[in-house]
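Engineer: Could you work out the structure for the sequence below:
(one chain, ligands or ions: 1)
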Amino acid sequence: MCGIAGHYGSSDTGEVLLDMLKRLEYRGYDSTGAAFLSGSDISTVKGTGDIEKIKENVVFLGSVADGGIGHTRWATHGRASDENAHPHSSCENRFSLVHNGIIENHRKIKSELGGHKFYSETDSEVAVHYIEEKSTLGVENAVVSFMEKAKGSYAVALMDSKEERVFLLKNGSPLAIGIGKKDVFIASDPFAFHSYTDRVLFLRDGEYAVVDNCDVTIKNLDGAVQKRKPEVLEWKERSFGKNGYRHYMQKEIREIPGCIERLEKLLETVESEKVDGFIDALLGKDKVVLTASGTSHHASMLGSRFLRKVGVDARVVVASEFGENFEIDEETLLLAVSQSGETKDVLDAIETARKMGADIASITNTPHSTIQRRSDVNLGIHAGREFCVAATKTFTNQVYTLRKISKRIRGRSSVGNLPSNLKNTIKKNGEAVKKVAEELKNKEDIYILGKGEMHPVAEEISLKLKEIAYIHAEGMMGGELKHGTLALIEEGTPVISLVPRRNSDIVSNLKEVKSRGANSIEISPFSDRFELPDEDEDFIFFSAVLGFMLTYWIGRKKGLPVDRPRNLAKSVTVR
Ligand code: AGP
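Structural biologist: The predicted model follows:
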């Protein structure tokens with residue numbers, strides 16, 4: 001994971017890097033760092049914690065620099081520590097390097113680098129020493145040699161203080177180069193530099209780029225120059241800030257009704273033909289396999305149910321479990337669902353399915369993502385940028401999109417009162433949610449029961465409780481309770497049930513837990529705790545939103561870092 005940033009040119013490198021690193025924090029925030037080039041000197045500042053900790057040094061060193069590289073880290077190899085923070089320097093301090101990805105054969109490479117002093121436990125540090133070792137052959141040759149030798153996925157920015165150039169290396173992990181009038185910007189995600197330029201070159205796997213005094217040359221491993229024009233990206237960023245809310249999560253939950261309303265409009269107007277094309281791709285194959293991770297997997301579980309209901313042979317496979325043993329062939333459409341469009345497990349599933357002959361469709365949120373670019377057909381969910389690590393408005397927009405597609409297949413499609421009902425749900429339940437949050441905040445285990453379409457929602461709420469409230473939670477099929485889990489229910493155990501209708505089957509499971517003394521909390525239009533619309537078909541959305549609000553308030557009451565939970569990152573770009 002991790003985010004890479006870089007800048008070279010006439011703008012103030014300190015200010016630019018600071019801004020870019022803040023925008024990349026969603027990729028990890030265990031530690032951060034930057035290295036600056038002034039003349040032929042490199043100055044480095046780095047350490048554990050987020051960018052705020054080194055902000056002043058970044059601004060100061062950057063103000064007098066010609067260029068710099070920066071990094072925000074999500075630890076994979078080596079814990080979060082000052083030594084493991086990037087950039088890493090070579091022995092002679094000629095080179096400084098930042099890396100995103102995993103160099104799988106780092107131990108072997110390190111064993112061949114006798115005489116080099118290593119300061120960190122990271123896989124990344126071998127790259128800078130290897131390139132220094134081989135630089136007697138010329139730095140460019142050393143870079144190519146490293147790319148031929150390294151196994152795994154990487155995006156690397158390497159600063160060479162002697163020749164005052166920056167090298168960018170890519171295999172597997174994303175790397176974008178922003179072309180300004182008098183500046184070059186480097187980032188794992190073009191969102192980081194989009195307020196400076198909309199002209200972007202995406203580096204491809206097996207390519208490297210040389211940034212020399214604002215000239216960018218891209219080459220492949222044979223040294224052949226890869227000429228291409230920058231793509232001009234369309235950006236419609238609505239807001240980058242909390243708009244008065246304490247947390248992004250709170251703001252993003254509030255945005256849900258508006259996001260659905262806007263999505264519906266787009267899908268019915270400018271995106272309408274795209275939806276038809278997407279449906280043609282779906283119906284053109286014998287079967288559809290949905291694949292995704294985490295929250296997007298829960299949306300996909302719902303999606304496969306919606307599609308099956310309208311006669312599509314659809315099944316769902318969690319991306320990290322995707323393998324060649326699944327029945328995938330030329331008659332399969334792989335439907336990848338991802339907020340970020342960068343999740344490595346999903347990208348690997350795409351690659352495997354492609355090799356087995358499948359066509360690829362995707363539903364993504366972040367524009368210009370790798371998954372979008374690797375798909376034959378793509379639909380955007382248009383939820384706008386989501387900053388909180390926990391996915392909320394993107395979950396509801398994913399579910400809405402998948403439901404919309406299924407409804408169109410059946411020829412029926414209307415938004416009804418969903419946005420206004422959701423607005424009311426959020427407005428009317430604020431106090432009730434806070435009360436329940438107070439009741440649950442010190443609990444260690446919570447069970448969430450759902451049946452049918454409510455089961456993926458129960459799973460989703462349990463994921464949020466773990467992620468945001470640090471409470472062990474289990475989302476399960478209500479009917480499975482009596483097959484084992486019931487043994488754990490005792491006096492006061494909190495059990496949340498998702499009850500869309502009075503006569504839902506789940507009601508009997510609810511009775512089972514109540515009679516064992518559980519603290520039963522019903523999310524239902526008939527509950528005495530909450531006020532929810534009695535609209536069966538949209539209950540998925542009401543219960544999910546209430547679940548999000550509840551986890552948010554538990555996390556907030558516990559004083560947890562709601563937007564940036566420990567050990568996690570927004571975009572999971574490692575396997
Ligand atoms: C959700 O709250 C999570 N942070 C996480 O499970 C996320 O949904 C998962 O990593 C998949 O991400 P993607 O949608 O960007 O592919």
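
Engineer: mind listing what the residue in the stretch 451-575 of the chain that the ligand sits nearest to touches?
Structural biologist: In the stretch 451-575 of the chain, the residue that lies nearest the ligand is V572 (4.6 Å; Cβ to the nearest ligand atom). All C-beta spots, glycine's among them, are computed from the backbone N, C-alpha and C. V572 makes contact with M1, S293, G294, S340, T343, K344, D345 under the criterion Cβ atoms under 8 Å, 6 or more residues apart in numbering.

Engineer: Check the burial of the third one by counting its neighbours.
Structural biologist: Yep, that's G294 we're talking about. If you count neighbours by other Cβ atoms under 10 Å, G294 ends up with 22.

Engineer: Regarding the residue nearest to it when sequence neighbours are not counted, what is its secondary structure?
Structural biologist: Spatially, and ignoring its direct neighbours in sequence, G294 is nearest to L463 (6.6 Å; Cβ to Cβ, 6 or more residues apart in numbering). Secondary structure assignment for L463 (DSSP: H, G, I helix; E, B strand; the rest coil): helix.

Engineer: got a list of what L463 touches?
Structural biologist: G294, T295, H298, A473, G475.

Engineer: ok, what's across the strand from N220?
Structural biologist: E207 (DSSP bridges).

Engineer: tell me the helices in the stretch 151-300 of the chain, going along the chain?
Structural biologist: Listed in chain order, the helices of the stretch 151-300 of the chain (DSSP state H, counting those that start in this stretch) span 248-254, 256-268, 272-283, 294-309.

Engineer: sorry, back to before: the residue nearest to G294 and V143, how far apart?
Structural biologist: Distance from L463 to V143, counting by Cβ to Cβ, to the nearest Å: 41 Å.

Engineer: sorry, back to before: what separation do you get for the residue of the stretch 451-575 of the chain closest to the ligand and T76?
Structural biologist: 11 Å.

Engineer: tally of neighbours for R501?
Structural biologist: 14.

Engineer: Nearest spatial neighbour of it, chain-adjacent residues omitted?
Structural biologist: Per Cβ to Cβ, 6+ apart, closest to R501 is D536, 5.8 Å.

Engineer: what about K134, which helix or strand?
Structural biologist: Applying DSSP states H and E as the criterion places K134 in helix 125-134.

Engineer: now that helix: mean pLDDT?
Structural biologist: Averaged over helix 125-134, pLDDT sits at 97.

Engineer: Centre of the chain to that helix, how far?
Structural biologist: In terms of Cα atoms, centre = their mean, to the nearest Å, the centre of helix 125-134 is set 30 Å apart from its chain centre.

Engineer: now swap in stretch 529-537 and tell me
Structural biologist: Taking mean C-alpha positions (Cα atoms, centre = their mean), stretch 529-537 and its chain are 31 Å apart.

Engineer: How far does stretch 547-566 sit from its chain's centre?
Structural biologist: Using Cα atoms, centre = their mean, the offset of stretch 547-566 from its chain centre is 18 Å.

Engineer: ends of it, how far apart?
Structural biologist: Stretch 547-566 has an end-to-end distance of 21 Å (criterion: Cα to Cα, to the nearest Å).

Engineer: Name the residues of that stretch that are buried.
Structural biologist: Across stretch 547-566, burial judged by 16 or more other Cβ atoms under 10 Å covers 547-556, 560, 562-565.

Engineer: is the ligand contacted by it?
Structural biologist: No - against the ligand, stretch 547-566 shows no contacts by Cβ under 6 Å from any ligand atom, the least distance being 8.2 Å.

Engineer: How about R228: what's its closest non-neighbour residue?
Structural biologist: R228's closest residue in space is L201 (Cβ to Cβ, 6+ apart), at 6.9 Å.

Engineer: Tally up the residues packed near that neighbour, please.
Structural biologist: So L201, with other Cβ under 10 Å, has 22 neighbours.

Engineer: now it: how far from V156?
Structural biologist: Taking Cβ to Cβ, one finds L201 at 16 Å from V156.

Engineer: returning to that earlier point: name the nearest of the contacts of V572 relative to the ligand.
Structural biologist: Using Cβ to the nearest ligand atom, the contacts of V572 come closest to the ligand at G294, 1.9 Å.
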